[in-house]
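Visitor: Please find the sequence and the predicted model below.
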Amino acid sequence: MKLIINIFVLFTLGCTSVYSQAKTIKLKNPSFEGADAAGTDGYFYLQDWTDCAPNFFPDETAPDIHSSVSNYFDVKHSTFDGNTYVGMVTRELRETYEMISQQLESPLKANRCYKFSIYLAKSDIYLSNIDAVGLDKSKKNFNKAVKLRIWGSTSNCNKTQLLAESVLVDHSDWRQYNFKFKPSRDYPYIMFEAFYKTPVLVPYNGNILLDKASDIIEIPCPDAKELAKVEVKKPGNEVLKKAEVVKKPAPTAIKKPALTINNKKADDSVFTNRKKEIKPEKKDKILKGLEKDKILIGQTIRIEKLFFEADSSNIKPESFEVLNEIHTFLDENPNVIIEIGGHTNSVPDEDYCNKLSTERAKNVAEYLYKKGIPTFRIKYRGYGKLKPLASDNTPEGRKKNQRVEIKILYTGNKSIQSQ
């Protein structure tokens, strides 16, 4: 009997330990420590965080990583914690905005309640000539107040449930925003998004600064009214205001306001834009053979609409659509392992061909790594001019040989060795 009691006590202690660990979810790199740099096309130098904008706006640059001594876009804010912080913007002319995501160490659980805090601010100066047209190179100030939206995601950069959002961040000093939320399903990813003033969506140039995020801590579920509050504090813990979070509304008919924006009716611009954000239009797939029920071990699939700068391994922005398609496939099929193979024509010398094909394959693989695909699932190799598909005597043949391919190494049943 004593043995049974001891076993029960040990089992109870073990379960209690596991449960207590599950109550706190630690974010990776919560103070946004990264390479102090202005955002560029396709690259985001912030460890453990993914730039999600290419999934929605392929032609836009990544968020900016600022420090107390950097001066990108004339932003002169000091960090609140650590060496760097993130600056995210919203844009007027192209109606785009920025967002970052990471995979949590353990998922948010359905119907449990959590609290979370993060320090937010706005820079009064955020100058950029990104919207300059023709000879007009004057800079615009992206200094209007925007809000932070927090999404629960079933996969990387997938906006599944709006968990909470702040009020407009209209202050230049760092203030702590405290959120409470209740996921409706399990979410292994979380995403932070800079967004315009709502409910009437009129795009404008704005910015928001993020620093020192907290752990996500499970709490007893309060009543619905208390859960729908966001508390804002100055660093001295003085409570400034409590603002209601926008809840997911019940389905109702939307009465469109009689507005004009950029000489367009609101129903042509505002609501069309919002509809696209919530439910993106389905596009025809570029790689139609890249489907789980069609692929075979050893099969190679040429990556169409993948473009590099001439004699370079730098990926052009117009390639992001097909790369994001590959990412989505790998994200939805976690057992699949692939090789990215680079190939060239036979005109240059062998060393050059080997180096260029390897670097191009590597850059494709690294793009997918940075979007959250584990490195063991993507091998890369440069074949140079070893495997031509056509004669190099014609421009068409050389173009056909200059390619990057996906090779299926593993589908979940058995694998083959890369050759």
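Guide: It's in. Numbering: from 1, shown residues only.
Visitor: Pull the contacting residues for residue 80.
Guide: By Cβ atoms under 8 Å, 6 or more residues apart in numbering, the residues touching residue 80 are 119, 121, 174, 211, 212, 235. Glycine gets a C-beta too; all of them are placed from N, C-alpha and C.
Visitor: That one falls within a strand, correct?
Guide: No - Residue 80 is assigned coil when assessed by DSSP: H, G, I helix; E, B strand; the rest coil, not a strand.
Visitor: buried sites along stretch 152-170?
Guide: Neighbour counts using 16 or more other Cβ atoms under 10 Å place 152-169 of stretch 152-170 among the buried residues.
Visitor: Ends of that stretch, what's the gap?
Guide: 25 Å (Cα to Cα, to the nearest Å).
Visitor: Likewise for stretch 150-168?
Guide: End residues of stretch 150-168 are separated by 14 Å (Cα to Cα).
Visitor: can you give me how far that stretch is from the chain middle?
Guide: What separates the centre of stretch 150-168 from the centre of its chain is 11 Å, taken as Cα atoms, centre = their mean, to the nearest Å.
Visitor: Likewise for stretch 166-175?
Guide: Mean-position distance between stretch 166-175 and its chain equals 23 Å (Cα atoms, centre = their mean).
Visitor: Start and end of that stretch, how far apart?
Guide: 12 Å.
Visitor: Give me the mean pLDDT for it.
Guide: Regarding stretch 166-175, the rounded mean pLDDT is 95.
Visitor: Need the residues that contact that stretch.
Guide: 77, 80, 119-124, 145-149, 177, 179, 197, 208-209, 211, 230, 232-235, 240-241, 243.
Visitor: Residue 213 is in contact with residue 120, isn't it?
Guide: No - between residue 213 and residue 120 there is no contact under Cβ atoms under 8 Å: 10.1 Å.
Visitor: Neighbour count: the two, which is higher?
Guide: The neighbour comparison of residue 213 against residue 120 (other Cβ atoms under 10 Å) goes to residue 120, with 22 against 19.
Visitor: And that one, how far from residue 112?
Guide: From residue 120 across to residue 112, the span is 25 Å (Cβ to Cβ, to the nearest Å).
Visitor: From the contacts of stretch 166-175, list the buried ones, please.
Guide: Taking 16+ other Cβ under 10 Å as the criterion, what is buried in those is 77, 80, 119-123, 145-149, 177, 179, 197, 208-209, 211, 230, 232-233, 243.
Visitor: In strands, which of the residues you listed appear?
Guide: Members of the buried ones among the contacts of stretch 166-175 lying in strands (criterion: DSSP state E): 119-121, 145, 147-149, 177, 179, 208-209, 211, 230, 232-233, 243.
Visitor: Where does confidence bottom out across these?
Guide: Among these, residue 243 has the lowest pLDDT, at 50.
Visitor: Report the angle between the helix or strand encompassing residue 115 and strand 229-233.
Guide: Using DSSP states H and E, residue 115 maps to strand 113-121. Angle of strand 113-121 versus strand 229-233, following axes from the mean of the first three to the mean of the last three Cα atoms, to 10 degrees, is 40 degrees.
Visitor: looking at it, residue 84 is touching residue 29, isn't it?
Guide: No - between residue 84 and residue 29 there is no contact under Cβ under 8 Å: 10.0 Å.
Visitor: higher neighbour count, those two?
Guide: residue 84 (24 against 15).
Visitor: Residue 54 versus that one, what's the distance?
Guide: Remark: distance between residue 84 and residue 54 (Cβ to Cβ) = 21 Å.
Visitor: where does this structure dip in pLDDT?
Guide: For the chain, residues meeting the criterion pLDDT under 70 lie at 1-22, 41-43, 131-137, 200, 225, 228, 236-283, 413-419.
Visitor: Tell me which stretches of it form helices.
Guide: Ranges of helices in the chain, per DSSP state H, are 2-22, 53-56, 224-227, 266-278, 320-332, 350-370, 395-401.
Visitor: got the contacts of residue 80 as a markdown table, with distance to residue 319 columns?
Guide: Output for the contacts of residue 80, formatted as a markdown table (distance: Cβ to Cβ, whole Å):
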| residue | distance to residue 319 |
| --- | --- |
| 119 | 36 |
| 121 | 35 |
| 174 | 38 |
| 211 | 32 |
| 212 | 35 |
| 235 | 44 |
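Visitor: Could you point out which of those residues is nearest to residue 351?
Guide: Using Cβ to Cβ, residue 211 comes nearest to residue 351 of the contacts of residue 80, at 46.2 Å.
Visitor: what's near enough to touch the residue nearest to residue 81 when sequence neighbours are not counted?
Guide: Once flanking residues are discounted, residue 81 sits nearest to residue 212: 3.9 Å by Cβ to Cβ, 6 or more residues apart in numbering. Taking Cβ under 8 Å, 6+ apart, we find residue 212 in contact with 30, 31, 80, 81, 82, 118, 119.
Visitor: go with 7 Å
Guide: Contacts for residue 212 (Cβ atoms under 7 Å, 6 or more residues apart in numbering) come out as 30, 31, 80, 81, 118, 119.
Visitor: Hmm, residue 211 is touching residue 29, no?
Guide: No - counting by Cβ atoms under 7 Å, residue 211 does not reach residue 29; the two are 11.6 Å apart.
Visitor: Spit out the residues that contact the two alike.
Guide: Counting by Cβ under 7 Å, 6+ apart, nothing touches both residue 211 and residue 29.
Visitor: Next, name the residue at the spatial heart of this structure.
Guide: Per Cα atoms, centre = their mean, the C-alpha nearest to the average position across the chain is that of residue 52, at 2.3 Å.
Visitor: Not counting sequence-adjacent ones, nearest residue to that residue?
Guide: Nearest to residue 52 is residue 157, by Cβ to Cβ, 6+ apart, at 3.7 Å.
Visitor: roughly how far apart are that neighbour and residue 46?
Guide: 14 Å.
Visitor: Contact partners for the residue nearest to residue 161 when sequence neighbours are not counted?
Guide: In space, and not counting its chain neighbours, residue 161 is closest to residue 152: 4.5 Å by Cβ to Cβ, 6+ apart. Going by Cβ under 7 Å, 6+ apart, residue 152 touches 108, 160, 161, 163, 183, 187, 190.
Visitor: which of the residues in stretch 330-337 are buried?
Guide: Within stretch 330-337, the residues scored as buried using 16+ other Cβ under 10 Å are 330, 331, 333, 336, 337.
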